[in-house]
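S.K.: sequence-free structure coming up:
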RNA sequence: CGCGAAGUAGAGCAGCGGUAGCUCGUUGGGCUCAUAACCCAAAGGUCGGGAGUUCGAUCCUCCCCUUCGCAACCA
C-alpha cells in the first residue's frame, strides 16, 4: 500500500445559526484534527478545509427570531464558530464560508456543468406557498393537525407527538409557521438530481469496494438507502437566500440552490480559497486520483456524504471520498444534547469556564481534547459526564501520563544533574530491552490505528506506553539505587540507564501525543529544549532523540487536576440553563416565537367552537400506540369516547375523575381504529409536559365554556 | 410500520465458534522519586431475553425487547 500523493480532509460544515457544542466537536472536528496533525507530522501534503454553512431557510428564520438580518446572523455565528475552533486548536488550513463570492461562483458553476451535460432533470410540482410572507414553504414550516393522532403539533414532515412521518398534503388545517396563515398551493419548477440513475454505481462503489474499510454503520445505512430505492432529489428551491442559478437558465428567478447541494461544494470553494491564499493549485486536490479525500462527519450526515455528494462529484468528474468515518452521537449527563432544550455544553462555555479561566490555559484545551477522544462515539453513542471528564483528566492524564514525565524530570534533576545521562550498554538488562521494544513498537501500532480512524484506541496506546514507563521505573527504583551509590560503583550507571530510557521515552511520547494533544507536545518540547522538527513522525521509535549530556529545563506540571467543586459548578449550571430555556420541548427553536402570530379571528369564528367541561370516567391504553389513551369523558348529557395523545404524560388510572375542558363539536376522527369524538384542551409546560385546562372549582360536567 | 447501528463486570470499551479481556472505579497489600501518587493483587459478568444450528455459541440463524439514527438546520 503506497501512500497517497496528497490528502484533502474535510470536517462537516457547521450551520451558522448558533453556537456549536462539544458533541459536534467530538464528532467531526477533533477526529479530523488528530488525523490531519498526524499526516502533517508525517510530512504529507495535506489540506484541512472547513467553513460555515450559511444558506438554507433556517438562517432567515433565525434572523427573524433575533430581530435582525440574515447577513448579520451569519456574520455573527461565522465569526463565533471560527474563534471557538481556533481556541480549541482545530487546525483548519482554511475556515471558509458559503456566503463568500468565490463559493457562490463555484456552486453556480458546478450546477451549470451538471445542467449542461444533462445530468439534471426538471419537474413542475405544486408546493405550498405563503402569500403574506411571499415565500414557498419547506415541509418543516407548515404546521397543522396530525391525521394520525390528532395532535396539533404536527409539521409538514413529521408529527411531533406521535412521530409519524407526514407530507404537507396530509396535514389537517395547515398553516404557515411564518405568518400563521393557511398556505396556498402554487406551481413551481425545480431541477432534480436523479439519484435513481446512479444506483448501480453506488452499489458497486460502496457495497462492493468499501464494504470492508468503511465503518459498519456507514455501509449499513447506505445499503438501506440504496436497496430501498433512491428518488430524484430537488436541487433548487424558491427562496431569496442562497446561491443563484446560472444566469443563462430561464425561469431561474427567485430560485436558489438547495442548501444540501450548495453546502458540500463549500469544501471545494474552501480549497480554492486556500490555494489562492497560498499560491497553490487547487485542482489536483479534487481531480487527481492520487488524492485521498476523507470526510469527517456525524452519523446524521451520512446520506449526503456517501450518496448524494459522491454522485455530484462523479458527474462532475471529481474524485470520490476514500472514506467517510462518521461518528455516532455524544450524549450529555444521561440525555441527548439538545439545542432547543439547552441541554448541551457549548464549545464556547468550556472555553470561558476552563481555557480562559485564571487557572486555565492551553492545558485545558488538551484536557477536553483528551476526554472527547477517549469517549469518541466511534462505534455507538457515548456519553459526556463531568464526573467522567474529571476522572479521565485526574487519573489518566495527570496520574499516569503527566506523572511519568514529572517523576522522570524530577529524578533526572536530582540524580543526574539535570542532564541527559549516558547509557551504559554493559548494564543493559531484560527490563531495559522490554521498554526499548515497547518504544520501538508503539509508533507502528498507533500509526495503523490512526490509518483506520480508531482514534480512541490510538490514544489509549499512548497512555498505555506511559503506563509502561511507570512500570519500568518502578522496577528500576532509581531512588532506591541512589542510596547505594557509596557502596556500589555500578549504582550511578544503573540510574543513568533508567533515566536515559525514561527521557527517550518522554521524547517519543511527545511525538506520539502531538496529534492528539498539541499543547502538551509543545510544553514537552520546551522542557526538552528541542526544536519542533523533533515531532516529525519518522522520529517516533528512535531511542536517541535526546543527546547524552544535554541539559534540560526544570520540571513543569503538564496538567492540573479537576477539583470536585468545578464539576459541581458545571452540573448546576447545566441544570439552571435548562430550566431557564423559554422554548424547552420545542423541536424547532423558531417555532414558539412564531406560533403566537396566529391571525386575528372574528368572534364568529370563535363562536363556532363548542367547549364543555367534562370528567374522565375511564381511561385505557390504546393497543400498539405508544402515546394514545382512549378516554371515556362524562359530559353530563352523554359520555363520549375521546382518544388523546397523552399516554407518555399520564398513567391511565391517574386520570379517572379528572376535570377537563373538551372541544365537543370537532369532527370525529378515527385513530388506530377507535373513533374519537372531541378533543381535550391541554397546555404545555416549558419542560414539554402536558397539563389539563381545568375549571378552578368543581363544576357539573357538561357546563358550557365561553 | 420499515431500514440501519448498538445492547458484554459499577462506568467506558475489546473480543465475534473452543477455559470471558482491557482501562477507570472499588477493596486489600507494597512502595515512596513523583500533582497522596505509583506498583502489585483481589473482588465484580448466567456476554439484553427466548428458541435453533453445532461436539461446543458472547460470537452463526430466527423471533422478541430496549436505545440511538434514518434525506431537506442538526456531528
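M.R.: It's in. Source: prediction; values computed, not measured.

S.K.: my read is residue A:86 is in a helix, agree?
M.R.: Yes - under DSSP: H, G, I helix; E, B strand; the rest coil, residue A:86 sits within a helix.

S.K.: Burial check on it, number of neighbours?
M.R.: 12 (other C-beta atoms under 10 Å). All C-beta atoms are positioned from the backbone trio N, CA, C, and that covers glycine.

S.K.: Rounded mean pLDDT for stretch A:111-122, please.
M.R.: Computed over stretch A:111-122, the mean pLDDT rounds to 92.

S.K.: Any buried residues in it, and which?
M.R.: A:111, A:114-115, A:119-120 (16 or more other C-beta atoms under 10 Å).

S.K.: just those residues now: which is nearest RNA strand B?
M.R.: Among these, residue A:120 lies closest to RNA strand B (C-beta to the nearest atom of the strand), at 12.9 Å.

S.K.: circling back to that earlier point, ok, which of the buried residues of stretch A:111-122 also contact RNA strand B?
M.R.: Restricting the buried residues of stretch A:111-122 to those touching RNA strand B (C-beta under 7 Å from any atom of the strand) yields no residues.

S.K.: among the residues you listed, which two are most distant?
M.R.: Greatest spacing in those, by C-beta to C-beta: A:111 and A:119 (10.0 Å).

S.K.: Put together JSON lines for the buried residues of stretch A:111-122, with secondary structure and distance to residue A:191 on each row.
M.R.: Conversion of the buried residues of stretch A:111-122 to JSON lines gives the following (DSSP: H, G, I helix; E, B strand; the rest coil; distance: C-beta to C-beta, whole Å):
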{"residue": "A:111", "secondary structure": "helix", "distance to residue A:191": "8"}
{"residue": "A:114", "secondary structure": "helix", "distance to residue A:191": "9"}
{"residue": "A:115", "secondary structure": "helix", "distance to residue A:191": "7"}
{"residue": "A:119", "secondary structure": "coil", "distance to residue A:191": "10"}
{"residue": "A:120", "secondary structure": "coil", "distance to residue A:191": "5"}
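
S.K.: is RNA strand B contacted by stretch A:429-446?
M.R.: No - with C-beta under 7 Å from any atom of the strand as the criterion, RNA strand B is not reached by stretch A:429-446; the gap is at least 11.7 Å.

S.K.: buried stuff in that stretch?
M.R.: By neighbour count with 16+ other C-beta under 10 Å, stretch A:429-446 contains the buried residues A:432, A:435-436, A:438-439, A:442-443, A:445-446.

S.K.: Most proximal residue of the stretch 201-350 of chain A with respect to RNA strand B?
M.R.: Counting by C-beta to the nearest atom of the strand, the stretch 201-350 of chain A gets nearest RNA strand B through residue A:298, at 0.8 Å.

S.K.: okay, now that residue: neighbour count?
M.R.: 18.

S.K.: Spatially nearest residue to it, not counting backbone neighbours?
M.R.: residue A:27 (4.1 Å; C-beta to C-beta, 6 or more residues apart in numbering).

S.K.: Any chance of the backbone angles for residue A:296?
M.R.: Here is the backbone geometry of residue A:296 (degrees, to the nearest 10): phi -100, psi 120.

S.K.: From what I see, it and residue A:29 are in contact.
M.R.: Yes - with contact defined as C-beta atoms under 8 Å, residue A:296 and residue A:29 form a contacting pair (7.4 Å).

S.K.: okay, now the residue nearest to residue A:298: neighbour count?
M.R.: Neighbourhood size, residue A:27 [other C-beta under 10 Å]: 28.

S.K.: Can you give me the distance of it to residue A:496?
M.R.: As judged by C-beta to C-beta, to the nearest Å, residue A:27 and residue A:496 stand 47 Å apart.

S.K.: May I have the secondary structure class of residue A:129?
M.R.: Three-state call for residue A:129 (three-state DSSP): strand.

S.K.: The closest residue to residue A:282 other than its chain neighbours: neighbour count?
M.R.: Distances taken as C-beta to C-beta, 6+ apart place residue A:275 nearest to residue A:282, at 3.7 Å, with adjacent residues excluded. Using other C-beta under 10 Å, residue A:275 is surrounded by 17 other residues.

S.K.: For the strand or helix carrying residue A:275, buried residues please.
M.R.: Assessed by DSSP states H and E, residue A:275 sits inside helix A:259-278. Of the residues in helix A:259-278, those with enough neighbours to count as buried (16+ other C-beta under 10 Å) are A:259-275.

S.K.: close to RNA strand B, is it?
M.R.: Yes - applying C-beta under 7 Å from any atom of the strand, one finds helix A:259-278 touching RNA strand B at A:259-260, A:263.
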